[in-house]
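In: okay, sequence plus prediction incoming.
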Amino acid sequence: MIKLSSIVIAMSIALTGAVHAEITPSDKAIKLTHDTILIDTHIDVPYRIHDKWADVTKATDGGDFDYPRAVKGGLNAPFMSIYIPAHLEFEGKGKSFQLANQLIDGMEAIAQRAPDKFAIASSTSDIEAQFAQGKMSIAMGMENGSPIEGDLNNLQHFFDRGVRYITLAHSQSNHISDSSYDIRRKWKGLSPFGKELVKEMNNIGMLIDVSHISDDAFYQVMELSNTPVIASHSSLRKYTPGFERNMNDDMLLALKKNGGVIQINFGSSFVTAKAGTWGKQLKSKKEAVKKDGTKLSKDFDAMYRAKNPYPFASLEQVLDHIDHVVKLIGIEHVGIGSDYDGVGDSLPIGLKDVSSYPNLVQGLMDRGYSDSDIKKILSGNTLRVWKQAEQYAKSH
């Protein structure tokens, strides 16, 4: 049924560019998804509800995540992203540190608000125990190392508060690392402090996230890290040529040597070049309007979309990314990092919110993946690297 739907979807996209089609997973796919620990390493709920409050312990009108949809989708171990915007006024002035703590407070409040539904997870044993109890684990990863503010005591502080991975930089270079988005390569990779930080992250059991950082920074992390790393929400440059935010084949081979895992991002611009081109064209149109001295209307984006339908990726194209990783470096090195609540209205057809994971599982089944391989993708690989980080910290 998935394959038939995929043909319909492909035809719809060709005709309109933005048709949402229903994909119906089999009972087996739904059961496999629900019977397995499902870790998604990147969901942007903390900043979403900080910016505009919503009680995600219940059904919500907006957003990509809430408890009922997550239960329907079989999601039981989301890594909530402690996302810090890459504003220069945040860097080194206490604002990043303060915001990170506020976002962590918000996650603790969710667990306290609904203790029958959620529990904070700061270890792999927490994840496994809470899954057995039927509770949804809230793990946390920090997106942008700005809150460390050059002080290793802050690294320990956030570890003590439950953060278990740090994305070293975001959309601008910071005091730790150059960013893939930032043409100013201040450090030509990692800063001197960044190199020190990588070692200390290893020592305390904090996973290193190489999403967002420049290629030079990535390879320096590979040289320095004594534990496997993750790319918590990245996809492949093979399908998005020139998009440095994604990973190329040489980087994947280095990731294999390191023992790490790439968690595939679902955002359409991460999945297809066509979506990325659409975004560049929108940006160009905006800049042209500003150059003319005209004020952008609030509904400019919506009007542009109406005339130029967004080219949503498909579930099949997301599966292509997974397939390529598996063929190149093996089933042990791929996971899920959807970027739900972080990529706006750009999610693929068939993967529109956290209720959609069974569609992904059905697609994997249709492509011949065994149950054991699917379980590795859903959580086994991520749990492996997390456990290795825990074990390394115990011995150092």
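Out: Received, thanks.
In: partner residues bridging Tyr165?
Out: Beta-bridge pairing of Tyr165 under DSSP bridges involves Gly141, Leu207.
In: hmm, it is touching Glu143, no?
Out: No: using CB atoms under 8 Å, Tyr165 is not in contact with Glu143, being 9.1 Å away. Any C-beta I mention is one placed from the backbone N, CA and C, and that applies to glycine too.
In: what touches both of those two?
Out: Common neighbours of Tyr165 and Glu143 (criterion: CB atoms under 8 Å, 6 or more residues apart in numbering): 209, 232.
In: of the two, which one has the most company?
Out: More crowded of Tyr165 and Glu143, by other CB atoms under 10 Å: Glu143, with 31 against 27.
In: the residue lying closest to Glu332 once chain neighbours are set aside: how many residues sit nearby?
Out: What sits nearest to Glu332 in space, not counting adjacent residues and going by CB to CB, 6 or more residues apart in numbering, is Asn381, at 5.7 Å. The number of residues packed near Asn381 is 26, by other CB under 10 Å.
In: over to Lys285?
Out: Number of residues near Lys285 (other CB under 10 Å) recorded here: 15.
In: and for His34?
Out: His34 has 17 neighbours, counted by other CB under 10 Å.
In: so which bits of the helix or strand hosting it are buried?
Out: Using DSSP states H and E, His34 sits within helix 27-35. Going by neighbour count (16 or more other CB atoms under 10 Å), the buried part of helix 27-35 is 29-30, 32-34.
In: packing partners of that helix?
Out: Contacts defined by 3 or more CB pairs under 8 Å, 6 or more residues apart in numbering; DSSP states H and E place helix 27-35 against helix 357-366, helix 371-375.
In: let's see 6 Å
Out: helix 357-366 (3 or more CB pairs under 6 Å, 6 or more residues apart in numbering; DSSP states H and E).
In: please name every helix or strand in contact with the helix it packs on.
Out: Looks like helix 357-366 contacts helix 2-16, helix 27-35, helix 315-329 (3+ CB pairs under 6 Å, 6+ apart).
In: pull the CA atoms of that helix into CSV?
Out: Taking C-alpha atoms only, helix 357-366 is exported to CSV below (Å, rounded to 0.1, in the frame of the first residue of the first chain):
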residue,chain,number,x,y,z
TYR,A,357,6.5,7.1,12.7
PRO,A,358,4.6,3.9,11.8
ASN,A,359,4.6,5.2,8.2
LEU,A,360,8.4,5.3,8.3
VAL,A,361,8.4,1.8,9.7
GLN,A,362,6.1,0.6,7.0
GLY,A,363,8.3,2.1,4.4
LEU,A,364,11.4,0.3,5.9
MET,A,365,9.5,-2.9,5.9
ASP,A,366,8.5,-2.4,2.3
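In: many thanks, I have nothing further to ask.
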